[in-house]
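What would the 3D arrangement of this be:
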Amino acid sequence: MPGSAVRRCLVAAVLLVALLVGFNAPVGAAAPAVLDGAVTQLLVLDEALLKSLPQVTIEVSFETGEGRKSGTYSGVPLWSLLEKAKTVDAPGKNAALLHTLIVTGRDGYGVALAIGEIDPHYEGKQVVLAYQGGEPPASFEALRLVVPGDAHGGRSVRDVARIEVR
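This is a model prediction of the structure:
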């Protein structure tokens, strides 16, 4: 079976697991977010996984349509999740830098990050998948992408449903 067919089967399996976990969740709870795409290990971003990884706390401040907002967030560095999922890189020099991360919320809102922004060998920005802090408060059921250093909060995705590596 070609690699892309295997990857599609794995994506379908993870999404099925996420769906089934959603059926066992309390009424009104959403299925856990997933990290998929060009990775060797698809991740279901549930509480158990997130608690098993290093936690960081960051403070951010950015402009909004309602003025300047600040907050303190705790969660997992996005880079730690990518290390666990292991990106699939094409052959060639610095091929990992070709990857883009598409982060989508449950409401369909999505943003992109270049992998070079969070790779410690390049910009090394401490982008966090937060499960504590902010307004409304992030939680294990409503993860929030927090991108420090952005002048505006447009890439602060609430209620993350999927992180796709392209």
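
Could you identify the helix or strand that succeeds the helix or strand bottoming out on mean pLDDT in the chain?
Lowest by mean pLDDT, DSSP states H and E among the helices and strands of the chain is helix 3-24, with a mean of 48. Once the chain leaves helix 3-24, the next helix or strand it forms, by DSSP states H and E, is strand 33-37.

which helices and strands sit right next to that next one?
If you count contacts as 3 or more C-beta pairs under 8 Å, 6 or more residues apart in numbering; DSSP states H and E, strand 33-37 packs onto helix 3-24, strand 43-45, helix 78-85, strand 160-165. C-beta here means a position set from N, CA and C on the backbone, and glycine is covered the same way.

could you redo the last one with a cut-off of 6 Å?
Secondary-structure packing of strand 33-37 (3 or more C-beta pairs under 6 Å, 6 or more residues apart in numbering; DSSP states H and E): helix 3-24, strand 43-45, strand 160-165.

Name the residues that touch the last one?
I take that to be strand 160-165. 33-39, 87, 99, 101-106, 143, 145 (C-beta atoms under 6 Å, 6 or more residues apart in numbering).

Could you identify the buried members of those?
33-39, 87, 99, 101, 103-106, 143, 145 (16 or more other C-beta atoms under 10 Å).

In space, what's closest to Q132 - neighbours in sequence excluded?
Closest residue to Q132 apart from its sequence neighbours, by C-beta to C-beta, 6 or more residues apart in numbering: S74 at 4.1 Å.

Report the separation between the one you found and A96.
27 Å (C-beta to C-beta, to the nearest Å).

Ok, R162 next?
Counting by C-beta to C-beta, the gap from R162 to A96 is 20 Å.

Check V160 too.
For V160 relative to A96 (C-beta to C-beta), the value is 22 Å.

just A114 next, same as before
11 Å.

L143 contacts V128, correct?
No - with contact defined as C-beta atoms under 6 Å, L143 does not count as touching V128 (9.8 Å).

In space, what's closest to T64 - neighbours in sequence excluded?
In this structure, T64 finds its nearest non-sequential neighbour in G153, 5.6 Å apart by C-beta to C-beta, 6+ apart.

my guess is that neighbour contacts E63, does it?
No - the pair G153 / E63 is not scored as a contact, 7.4 Å apart, by C-beta under 6 Å.

So which of the two has more stuff around it?
Taking neighbours as other C-beta atoms under 10 Å, G153 and E63 compare with G153 leading, 18 against 13.

rewinding a little: pick out whichever of the buried ones among the contacts of strand 160-165 sits closest to R68.
The shortest gap between R68 and any of the buried ones among the contacts of strand 160-165 belongs to L145, at 19.5 Å (C-beta to C-beta).

No more questions from me, cheers.
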